[in-house]
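[1] next come a sequence and a model predicted from it.
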Amino acid sequence: PPLARKRVFAALGNNITTATFAAATISVTLPPSPPTVSQPSPATLTVTSGQNASFSVILGGNPTPTVKWQKMTAAPNTWSDLVNAGRISGATTVDLLITGALVADAGAYRAVANNSQGTTEGASAGLTVDRANQSITFNALPARTFNPAANTFTLSATGGGSLQPVTFTSSDPAIVTIADGNSATIHRAGNVTITASQAGNDDYNPATPFPQSLVINRATAGFTVSGLAQVYDGTPKPVTVVTTPVGLPVIVTYNGNATVPISAGSYAVAVTVDETATPNYTGSAPPATLVIAKAQQTITFPTIADK
């Protein structure tokens with residue numbers, strides 16, 4: 001040691017030319033002492049559900065104490081030992097780790113140290129676990145066409161961590177209704193907003209509702225137009241229109257006029273669905289021509305008697 005070297009040189013001075021020193025080990029036996037436990041670090045901790053939470057302590061005492069972590073399970077002072085299982089690790093070390101903490105993990109934690117000189121219960125630390133946010137993935141809805149024969153379809157969206165089902169609502173049940181959470185039924189053409197929602201649970205807040213627009217287009221009607229060749233007789237000569245589906249309201253014009261013609265001649269016939277009278281269909285018949293032929297006339301000429 002440096003101090004010993006100084007003493008040797010002070011005593012011998014110039015009388016020595018070389019000195020050799022050997023290292024020595026000094027053993028110190030500390031007296032037994034009860035265990036000590038520091039305040040857990042951090043003393044308070046707030047995490048969001050799903051995040052890790054950890055606490056650490058520093059131990060003292062002779063002999064070196066063992067340690068175990070406890071959680072308060074009932075107020076004011078009922079504690080239960082933690083075990084290394086599932087999301088809990090480090091339950092018998094100075095570093096406690098809760099992997100993916102949940103709201104149920106919130107509470108008070110402490111370390112308890114033990115050696116041959118006794119047991120020391122450390123101060124407690126507080127853990128707060130806030131509910132996490134979750135979100136919904138709800139893709140844009142493709143436009144659909146009114147079809148009474150196939151008017152039901154299933155809505156789909158992906159929810160967040162609560163694992164609660166995603167449910168849907170319609171802004172206008174006259175256009176679309178929702179049953180069983182995700183089964184949509186179309187009742188008529190129009191525009192409607194479908195909103196996806198997801199409830200929360202102990203660890204997740206409810207998701208922010210996610211709206212998407214849905215357009216239900218009118219279906220295209222079919223037409224059969226007949227009675228295009230008629231003969232003048234002094235009465236109106238309307239064409240006959242049969243729609244598919246049957247019974248749709250239509251608007252018929254003759255040379256652009258809604259008045260049914262009487263006189264002989266040719267008339268351009270236009271047939272369209274009356275969209276003011278039906279919300280679900282649209283369309284026009286192919287151009288057609290009504291021809292009202294002139295009537296045949298006869299001469300009555302009585303027989304002339306001989307003279």
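    Received it, and whenever you're ready, just let me know what you need.
[2] host element of the nearest residue to Asn84 once chain neighbours are set aside?
    Among residues not flanking Asn84 along the chain, Ala91 sits closest, at 4.9 Å (C-beta to C-beta, 6 or more residues apart in numbering). Just so you know, the C-beta spots here come from the backbone N, C-alpha and C atoms, and that holds for glycine as well. Ala91 is located outside every helix and strand, with elements delineated by DSSP states H and E.
[3] OK, contacts around Ala91?
    68-69, 81-84 (C-beta atoms under 8 Å, 6 or more residues apart in numbering).
[4] can you pick the most crowded of these?
    Neighbour count (other C-beta atoms under 10 Å) singles out Trp69 as the most crowded of the contacts of Ala91, with 26 neighbours.
[5] confirm that residue sits in a strand?
    Yes - the assignment for Trp69, made by DSSP: H, G, I helix; E, B strand; the rest coil, places it in a strand.
[6] phi, psi for Pro148 please.
    The phi and psi values for Pro148, taken as degrees, to the nearest 10, are phi -60, psi -20.
[7] quick check: it vs Thr25, distance?
    Applying C-beta to C-beta, to the nearest Å, the value for Pro148 to Thr25 is 98 Å.
[8] of these two, who's got more company?
    Pro148 (11 against 4).
[9] quick one: contacts for Asp172?
    190, 192-193.
[10] point out where the chain drops to low pLDDT.
    1-24, 28 (pLDDT under 70).
[11] kindly recompute the last result at 90.
    1-30, 74-77, 296-307 (pLDDT under 90).
[12] which residues in it form helices?
    Using DSSP state H, the helices of the chain run over 2-12.
[13] any idea how far the spatially most central residue of it lies from Asn205?
    Central residue check for the chain by C-alpha atoms, centre = their mean: the C-alpha nearest the mean position is that of Ile136, 1.5 Å away. In this view, Ile136 and Asn205 are 12 Å apart by C-beta to C-beta.
[14] swap in Ile26?
    Taking C-beta to C-beta, one finds Ile26 at 62 Å from Asn205.
[15] looking at these two, which is more packed in?
    In this view Ile26 and Asn205 are compared by other C-beta under 10 Å, and Asn205 has more residues nearby, 17 against 5.
[16] ok, that one - contacts?
    131-134.
[17] of those residues, just the buried ones, ChimeraX syntax please.
    Listed next is the ChimeraX selection for buried residues among these, using 16 or more other C-beta atoms under 10 Å:
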select :131,132,134
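[18] can I get the contacts of Asn205 in JSON lines including distance to Thr298?
    Shown next, in JSON lines, are these (distance: C-beta to C-beta, whole Å):
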{"residue": "Arg131", "distance to Thr298": "97"}
{"residue": "Ala132", "distance to Thr298": "96"}
{"residue": "Asn133", "distance to Thr298": "93"}
{"residue": "Gln134", "distance to Thr298": "90"}
